[in-house]
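Participant: Sequence below, structure please.
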Amino acid sequence: MDSQTIFSVFMNVGFSLQYEITIVIVLAIGWCIGKLSRRKQKSPLKVKLASSSPYHNKKSDSSGASAQGSSQSAMRDRGSDVDSPAKPFGQLGPIDEIQPALLRDASWVVPRVMHMCRAQVQQSLSLYRAALAEGLKLKDVPANDCEQLFAALVTSTIRTNQMGDTMELLRDLRNHGPGVSTSLFLSVVKLCTSKHLFAECLAVYDFMAKDPNFALADKSIWSCLLFCAIETRASERCSFLFDGLKACGTPSQKDYGNMVRLAALKGDWQLSLQLVEDMREGGLEVDSVIYNTSLATCVGADQVDQAKGLLEGMECVPGLADVITYNTLMKGYAKAGRMDQCSELFERLQARSVAPSQVTYGILLDGFINDNQLECAAKTFNDMIADGGSMNTVLFTTLIKGFARAGEVDQAMKVYEQMRTERNVTPDLITFSILIKANCDGDRLEEALKLLEVMASLNLRPDEVVFNNLLTGCARQANAKLGKCIYADMTKSGIRPSNATFSILIRLFQQCKILEEAVQMLETEPAKHKLDPEPRIYWQLIQSCIRERQGQRAVKVYQMLTVRSVPTAPAHSGVFTTCVKLNMFDTAEEILSIAASRGFRVDASDANSLYDAAVRKKKTQVAQDIAASMQKLGIRVQKHLL
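Facilitator: Numbers count the residues shown, from 1 in each chain. Model prediction:
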């Protein structure tokens with residue numbers, strides 16, 4: 001192959017790899033430039049480190065000449081380093097290797113600590129403490145430098161929520177330095193307040209107040225302290241702080257607003273009214289927030305008439321009384337059952353062109369329903385619809401509750417049907433719970449089951465209350481088959497039955513004359529669902545068995561009860577009374593015998609009444625057995641019965 005052919009091959013290869021070759025050349029040039037740059041930077045750095053290190057030279061000679069040279073080097077370093085910017089902590093190296101002479105030098109320590117406070121708070125504290133440990137005297141530090149040093153340290157620890165370090169710094173300044181200046185205290189209070197360190201701010205004030213020379217004459221600081229006390233619910237401090245604030249000048253609207261909040265927290269309606277009056281006399285504007293807070297305090301303390309007086313003052317200023325004002329007072333009247341005044345206030349609201357809200361109508365509806373004024377409630381509801389008011393689920397449910405409570409199930413269902421036609425209004429779990437209970441109580445179990453199906457279609461999960469209401473409906477109709485199915489659905493859906501559930505089931509089984517299933521249920525179901533039945537459930541079943549004249553079953557349930565709890569004397573009294581009424585003396589005697597053998601408490605009067613009834617019914621053997629049980633219990637048979 002001749003040279004021309006070889007050259008041609010190289011040219012073709014080079015052309016095909018032209019981009020790759022270009023990238024390699026650029027990278028090589030960049031590498032060379034970086035190498036040269038690093039060499040230039042290393043030379044002066046080595047000289048500087050060799051001549052001006054603030055650390056002990058572990059390889060230095062211990063001779064006098066070497067010590068003198070080291071001292072001169074340290075002096076040169078001190079002069080050059082102070083003039084230059086303070087090094088970050090990472091470049092200073094380990095603190096324990098810094099020369100003690102430098103740590104005792106305020107001109108060397110102060111700028112470095114202040115520099116590190118910006119981003120290395122913990123390291124700045126370490127350097128500061130190391131300087132104190134080596135003998136730095138805070139009182140010897142120039143006043144301006146000391147002020148700047150502690151301002152930097154204290155504010156940085158507050159910013160990083162290290163209030164323990166803040167308090168330690170303030171103690172150092174008081175005990176070993178010139179004392180905490182007023183300007184530093186002001187900065188601490190404002191910064192703590194802005195950081196929502198309310199309790200810590202009050203702790204700083206308490207620290208300052210221990211100084212007999214401390215005097216606070218800054219109104220803004222008193223204002224901050226008052227705000228902190230209210231936020232921490234330190235109501236016992238607020239009066240003192242507010243007095244201190246007033247001693248420095250007239251409190252602002254914001255300060256009075258904070259005190260009105262305090263009155264609301266304490267429920268002190270008299271203080272609230274006094275504060276509003278003081279604002280009026282001082283020529284300060286009382287805004288709607290302060291008025292409404294004071295008005296709500298009066299209503300909460302059942303001082304509705306006092307609240308009405310505030311309203312009259314608000315109405316003197318156009319636009320000051322808003323819908324919240326009227327709602328608050330209307331709620332007070334409704335709670336007190338004074339619906340006439342509540343209605344008058346509603347008319348007053350409309351006359352002043354204040355648009356009622358959904359809450360307004362809700363207060364009226366709830367008030368009329370609680371006062372059993374269903375016609376007024378229905379009228380209010382229809383007026384709201386006619387006026388184009390925005391309806392919601394709560395308003396419909398409130399009216400449904402009223403009709404259901406009055407037993408007017410048809411009216412309740414009509415409102416429900418109207419609710420279904422409204423756009424953006426959907427019945428919720430409470431709505432269905434009320435309707436299902438109303439239908440079950442009205443022996444309309446089929447309607448209740450249809451409502452349950454609608455719930456499922458709306459992806460609403462029935463709760464225990466809904467299932468219990470359905471079981472109650474089954475008990476009313478003595479429909480054991482349906483009741484068992486509903487109970488099965490309840491447990492399958494993950495709803496844990498309660499004592500109320502088992503009580504309803506016992507009633508259902510009693511109505512259906514299948515108490516043996518009730519006993520079996522009480523033996524197995526509670527344990528299956530990890531429920532400890534209350535004693536009242538057993539007594540309910542015992543009474544049911546006695547009424548159905550199933551004495552042996554009643555005794556069995558009593559024995560089940562004694563395994564779980566100790567029967568009480570009043571419970572025994574109830575059972576013995578039922579047995580006597582139904583001539584179930586054998587059952588009563590067996591229960592008394594078990595109680596005597598177990599040492600359970602039975603009142604002497606109940607035992608003597610049982611004995612007397614057995615004697616009068618000529619149940620001689622039973623009477624003798626009762627007397628024997630009484631003897632075991634230490635109860636004497638009354639002489640007139642012998």
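Participant: Mind checking the pLDDT average for whichever strand or helix holds M314?
Facilitator: Taking DSSP states H and E as the definition, one finds M314 inside helix 304-315. Mean per-residue pLDDT for helix 304-315: 91.
Participant: Tell me the buried residues in it?
Facilitator: Residues of helix 304-315 classed as buried: V304, Q306, A307, K308, L310, L311, M314 (neighbour count, 16 or more other Cβ atoms under 10 Å). Backbone N, C-alpha and C define where each C-beta goes, glycine included.
Participant: and what of stretch 413-423?
Facilitator: M413, V415, Y416, Q418, M419.
Participant: For P462, see how far away the third one is.
Facilitator: Spatial separation of Y416 from P462 under the definition Cβ to Cβ, to the nearest Å is 16 Å.
Participant: Enumerate every residue touching S124.
Facilitator: F89, V113, M114, M116, C117, A152, L153, S156 (Cβ atoms under 8 Å, 6 or more residues apart in numbering).
Participant: how does this structure divide into domains?
Facilitator: 261-321, 560-642 (automatic domain parsing).
Participant: out of those, nearest to L225?
Facilitator: domain 261-321 (13.2 Å; Cβ to Cβ).
Participant: just for the stretch 1-150 of the chain, where's the confidence low?
Facilitator: 1-24, 26, 31, 34-93 (pLDDT under 70).
Participant: Run the chain-centre distance for stretch 406-413.
Facilitator: With Cα atoms, centre = their mean, to the nearest Å as the basis, stretch 406-413 stands 38 Å off its chain's centre.
Participant: Where does the residue nearest to V555 when sequence neighbours are not counted sit: helix, strand or coil?
Facilitator: Closest residue to V555 apart from its sequence neighbours, by Cβ to Cβ, 6 or more residues apart in numbering: E590 at 4.9 Å. Following DSSP: H, G, I helix; E, B strand; the rest coil, we place E590 in the helix state.
Participant: got it, and Y326?
Facilitator: Put simply, Y326 is helix when judged by three-state DSSP.
Participant: Report how many residues lie close to it.
Facilitator: Using other Cβ atoms under 10 Å, Y326 is surrounded by 24 other residues.
Participant: and of the buried residues of helix 304-315, the nearest to E168?
Facilitator: Checking these against E168 by Cβ to Cβ gives L310 as the nearest, at 49.1 Å.
Participant: elements contacting whichever strand or helix holds A628?
Facilitator: A628 belongs to helix 620-632 when assigned by DSSP H and E. Applying 3 or more Cβ pairs under 8 Å, 6 or more residues apart in numbering; DSSP states H and E, we find helix 620-632 packed against helix 585-598, helix 604-616.
Participant: need those helices in JSON lines with distance to T360, mean neighbour count and mean pLDDT, can you?
Facilitator: Converted to JSON lines, the helices and strands packed on helix 620-632 look like this (distance: least, Cβ to Cβ, whole Å; neighbours: other Cβ atoms under 10 Å; pLDDT from 0 to 100):
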{"stretch": "helix 585-598", "distance to T360": "60", "mean neighbour count": "21", "mean pLDDT": "96"}
{"stretch": "helix 604-616", "distance to T360": "58", "mean neighbour count": "19", "mean pLDDT": "93"}
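Participant: Make a markdown table out of those and add distance to F467.
Facilitator: Below are the helices and strands packed on helix 620-632 laid out as a markdown table (distance: least, Cβ to Cβ, whole Å):
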| stretch | distance to F467 |
| --- | --- |
| helix 585-598 | 33 |
| helix 604-616 | 38 |
